[in-house]
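[1] quick one: sequence and predicted model below, then my questions.
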Amino acid sequence: MRTPSLRPAALATLALLATACGTAQPAARRPDPPRGATAGPIDPPRATAVPVDPPRATAVERLPPPVGAVLERHFRVRAGVVALATADGSLWVSGSGAISRIDPATGRLLARIATPSAGDLTHMAIGEGSVWATGDYDASVVYRIDPVTDRVAATISTPGPALGIAVGGGRVWVAIDREGPGEVIGIDPRTDRVTGAPIEVGTGPGQLVYGDGALWVENTAPASVMRIDPAAGRAVPIIGPVVVNYGATVLGAIAVGYGSLWSTANDHLTRLNPKTDQVTANLRIPRGNEVALAAGEAWVLAEPRSTSAATFHPVRHTAALYEVDPRDDGPVGKPVRLDAEEPIALTATDERLWVGDYTTETVTELRLVPRHAGPRLTQGGSLHPR
C-alpha cells in the first residue's frame, strides 16, 4: 500500500542525508520537496538574458507554428501512475507492480503487464521493438516487454539498483546507483545481456536520455548533467553541480531536441547548445519538474504549491503546464492550470500530451491544436473559443 502524502518528504530527506553523509541515495524521478508557499496566481515565466547566444540549429527553423493545449479527458489507472511513455499508438503507464497499456484514443485499458518489482522509482523507455522498464530501487532488474504479446519477454539482472533508462545507438542504457560514483551500463537487445565496460558517472545517477548522437545522464548528489560518448565510453560534465533552493540535490528533468539540451530545475528551464556546452537561454518557470519536446514546442510541467513547509500538502489548481517556443525561447500564451495533486510524469506526441498524477492515480490527456483555430484551454482550466 503506497502512502503518497509521505513520499515527497521521505525522498527529499534521503537526498539531504546522502549529501550530509557523502553517500549515494536512491535517485528519484520526483523528490517533491516541501513547499512553503500559499495559494495564489500561477507565476508567469520570465526570460533571463544570457551572455552567449549562438545561431539556432536548422532544426529550429523548420518547426511548425505554435499549438495550444485542449483538455481531452481524464482517466484512472488502477495500477498507479509513476512514469509515462508513448509510441506506436499506445500509452504506457508504469505503476505499482504492473505496467498498463492504454489506448490513447479512448483511455481504455488494453493490457496490464505484471512487473512485480516496478515501483515509485521505475523509469521507462521505448525502442528496439520493445518497452523497457527498471524495477524499484532495491530490485536491480530491467524488464523487457514485447508489445506484440503484451508480456514480459525478459527480466534482466543488473549489477546494482537500476534507475534511469534510455534506448539509442543499438543499446539499452541503464543508470546504476552505487556507493560513490554511479555507472551507466549497456544492454545488447539482441541477447538481453549486459555488454561492454560500465561508464563511470556522478553520484546518484537518475534520468537518462539519448539524443544528438550522445547519451545524457542527470546525477543527483550533487545535481549535475553529464554527456556520454557511447563510442569512447566516458562521461563529460555539462551542467553542475547545482544545489536547488530547498537544499536537496536533485536536478529535475532533461530532454534533447531542436538542436539543444533542455534542463528544468531550480525554478528555471535552461537551454544549452550541446556542441558548445554554452547556455543559450534561461527561462524562469516556478516548480518545473518535467520537460517534454513535441509539436515544435517545449512543454514544462510544474508541480503545485504546498500549504506546509514541513510536509507536502498541494494547493489545488496551482500545478501548471507551460509552453515555450524554441524559436525565441519565450513563453507561448498563459500557463495552463491543472487539477492535479502530484503531477510527476509528462509525455507527448505531436498530436497529444499526457500528464500523470501520482496521488490520484490518474492521467490527464490534452489535445494539441493550432493556436489560430479551435478552442483552447485557458489559464483557469475551462474551454473557451479562440
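    Alright, I've got the coordinates. Numbering: from 1, shown residues only.

[2] give me the low-pLDDT residue ranges for the stretch 201-350 of the chain?
    239-251 (pLDDT under 70).

[3] which stretches of it form strands?
    Applying DSSP state E, counting those that start in this stretch to the stretch 201-350 of the chain gives strands spanning 205-211, 214-220, 223-229, 234-242, 253-257, 260-265, 268-273, 278-284, 288-294, 297-302, 319-325, 330-331, 336-338, 343-348.

[4] where along the stretch 1-150 of the chain do the helices fall?
    In the stretch 1-150 of the chain, the segments counted as helices under DSSP state H, counting those that start in this stretch are 7-21, 58-61.

[5] comparing those by mean pLDDT, which bottoms out?
    Among the helices of the stretch 1-150 of the chain, helix 7-21 has the lowest mean pLDDT, at a mean of 36.

[6] what number of residues lie near the spatially closest residue to S140 that is not a sequence neighbour?
    Residue nearest to S140 in three dimensions, not counting chain neighbours: T158, with 5.0 Å by Cβ to Cβ, 6 or more residues apart in numbering. Just so you know, the C-beta spots here come from the backbone N, C-alpha and C atoms, and that holds for glycine as well. Around T158 there are 20 other residues, counting by other Cβ atoms under 10 Å.

[7] measure T158 to W173 for me?
    Counting by Cβ to Cβ, to the nearest Å, the separation of T158 from W173 is 11 Å.

[8] where do the contact lists of those two overlap?
    Common contact partners of T158 and W173 (Cβ atoms under 8 Å, 6 or more residues apart in numbering): I185.

[9] list phi and psi for S140.
    Phi and psi for S140, reported as degrees, to the nearest 10, are phi 60, psi 50.

[10] contacting residues for it?
    Counting by Cβ under 8 Å, 6+ apart, S140 touches 157-162.

[11] where's the residue nearest to S140 relative to T134, distance?
    Look at T158 and T134: by Cβ to Cβ, they are 8 Å apart.

[12] overlap of the contact sets of those two?
    Common contact partners of T158 and T134 (Cβ under 8 Å, 6+ apart): 141-142, 174.

[13] rewinding a little: for G129, find the nearest of the strands of the stretch 201-350 of the chain.
    Proximity to G129 (Cβ to Cβ) singles out strand 205-211 among those, at 15.8 Å.

[14] identify all contacting residues around the closest one.
    With Cβ under 8 Å, 6+ apart, strand 205-211 has contacts from 27-29, 123, 125, 163-169, 173-177, 182-184, 215-220, 250-251, 253-257.

[15] again with stretch 183-203
    With contacts defined as Cβ under 8 Å, 6+ apart, stretch 183-203 is touched by 18, 24, 128-130, 142, 144, 154, 156, 158-160, 167, 170-176, 180-182, 205, 208, 215, 217, 219-222, 224, 226, 228, 230, 233-235, 237, 240.

[16] now those residues: which count as buried?
    Buried members of these, scored by 16 or more other Cβ atoms under 10 Å, are 18, 24, 128, 130, 142, 144, 154, 156, 158, 160, 167, 171-176, 182, 205, 208, 215, 217, 219-222, 224, 226, 228, 230, 235, 240.

[17] out of the strands of the stretch 201-350 of the chain, which is closest to P64?
    Across the strands of the stretch 201-350 of the chain, P64 has its closest neighbour in strand 297-302 (9.0 Å, Cβ to Cβ).

[18] distance between that closest one and the chain's centre?
    Relative to its parent chain, strand 297-302 has a centroid offset of 10 Å by Cα atoms, centre = their mean, to the nearest Å.

[19] now it and strand 319-325, what's the angle there?
    Strand 297-302 runs at 160 degrees relative to strand 319-325, counting by axes from the mean of the first three to the mean of the last three Cα atoms, to 10 degrees.

[20] so of the contacts of S140, which ones are in strands?
    Those of the contacts of S140 mapping onto strands are 157, 162, per DSSP state E.
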